[in-house]
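Undergrad: could you look at this predicted model? Sequence included:
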Amino acid sequence: MNPITALIADDEEAPRAQLKAALQQAWPELELVAEAVNGVDAWDAFLEHEPQLCFLDIRMPGLSGIEVAQRIQGRAEVVFVTAYGDHALQAFEAGAVDYVMKPVDPARLAQTVARLKQRLQPAQAAPATPDMTALLAQLSQQLLPARRPAPMIQASIGKEVRLIPVEQVVYFESDARYTRVVYQDEAGPGEALIRTPLKELLAQLDEQQFWQVHRSVIVNHRHIASALRVDEGTMVLSLRGRSEKLPVSRHFQGLFKGQ
């Protein structure tokens, strides 16, 4: 039987180490596949390792634990880690969301582990419900400051640094060194390069307008013309007025469902 895999994300080293040690005691067979020090790295590690469990600190730089959970969308069991004994805990209980307090109490963690083991049984596995989606949105509003999307992208075009209004961006595509910005302005289509990694851009963009569809691609959904399922595991996007096709990885194919 394959071991259950987990990810831990906390921007503070001591609590992260304490949780790791407590989990090793409470669940020795659990395999920790990644540790992250902020929400951006946590989301990137989730896409890379696909863990079944994610222990997420609520308040982290870049993306909060709640924002990471919203992106996971029920593809893993989420346990929130918090130092705040406030009204949010009542919401967690009401929504059947697991949480552990800092510092970790072994007895409380044992209860969480027991519930997780039960839910990870094949018969118990289920995607996130609309109620869970609504709960995460409510918690985000209650606990986190409003995020203002970046209005401009500063990009290099030859020797020029151009300010590109973010609403003109068609899509972002990254490689090992740069992120390509493909945009459309009054003069026509254009391209530019920025050094900001795609995973960091996620925290600066409006997720209602810009959809991540692949680990290396974020697209402005207003420019999507159609999604084509090539085979069981392959999907590509066609864009309005453009010839290129953008890949959609398995994680994000659920964004495109016929009515």
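TA: Cool, the structure landed.
Undergrad: grab the nearest non-local neighbour of residue 222.
TA: Nearest non-adjacent residue to residue 222, counting by CB to CB, 6 or more residues apart in numbering: residue 209, 7.0 Å away. From N, CA and C alone the C-beta is placed, and that goes for glycine too.
Undergrad: cool, and residue 185?
TA: Excluding the flanking residues, the one nearest residue 185 by CB to CB, 6+ apart is residue 168, at 5.1 Å.
Undergrad: for the closest residue to residue 248 other than its chain neighbours, grab phi and psi.
TA: Leaving aside its chain neighbours, residue 248 sits nearest to residue 235 (4.0 Å; criterion: CB to CB, 6+ apart). Note on residue 235: backbone dihedrals following degrees, to the nearest 10 are phi -140, psi 140.
Undergrad: how many other residues sit next to residue 235?
TA: Residue 235 has 22 neighbouring residues, counting by other CB atoms under 10 Å.
Undergrad: equivalent analysis for residue 237, please.
TA: Counted with other CB under 10 Å, the neighbours of residue 237 add up to 24.
Undergrad: doesn't residue 218 make contact with it?
TA: No. The criterion here is CB atoms under 8 Å, and residue 237 misses it with residue 218 at 11.7 Å.
Undergrad: show me what the residue nearest to residue 248 is bridged to.
TA: residue 229, residue 248 (DSSP bridges).
Undergrad: okay, it and residue 75: tell me how far apart.
TA: Distance of residue 235 to residue 75, given as CB to CB, to the nearest Å: 16 Å.
Undergrad: what pairs with residue 31 across the strands?
TA: Those that pair with residue 31 in a beta bridge, by DSSP bridges, are residue 5.
Undergrad: who's in contact with it?
TA: Residue 31 sits next to 3-6 when contact means CB atoms under 8 Å, 6 or more residues apart in numbering.
Undergrad: pLDDT, distance to residue 222 and neighbour count for those residues - can I get that in CSV?
TA: Listed next are the contacts of residue 31 as CSV, based on pLDDT from 0 to 100; distance: CB to CB, whole Å; neighbours: other CB atoms under 10 Å:
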residue, pLDDT, distance to residue 222, neighbour count
3, 89, 43, 11
4, 94, 40, 16
5, 97, 36, 17
6, 97, 37, 24
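Undergrad: can you tell me which of those is nearest residue 227?
TA: Minimum distance to residue 227 across the contacts of residue 31 is 29.4 Å, recorded for residue 5 (CB to CB).
Undergrad: residue ranges in the stretch 1-150 of the chain under the pLDDT threshold?
TA: 1, 84-97, 123-132, 141-149 (pLDDT under 70).
Undergrad: what about the helices in it?
TA: 13-26, 39-49, 65-72, 88-94, 106-119, 130-143 (DSSP state H, counting those that start in this stretch).
Undergrad: so which of these comes closest to residue 246?
TA: Counting by CB to CB, residue 246 lies closest to helix 39-49 out of the helices of the stretch 1-150 of the chain; the figure is 16.2 Å.
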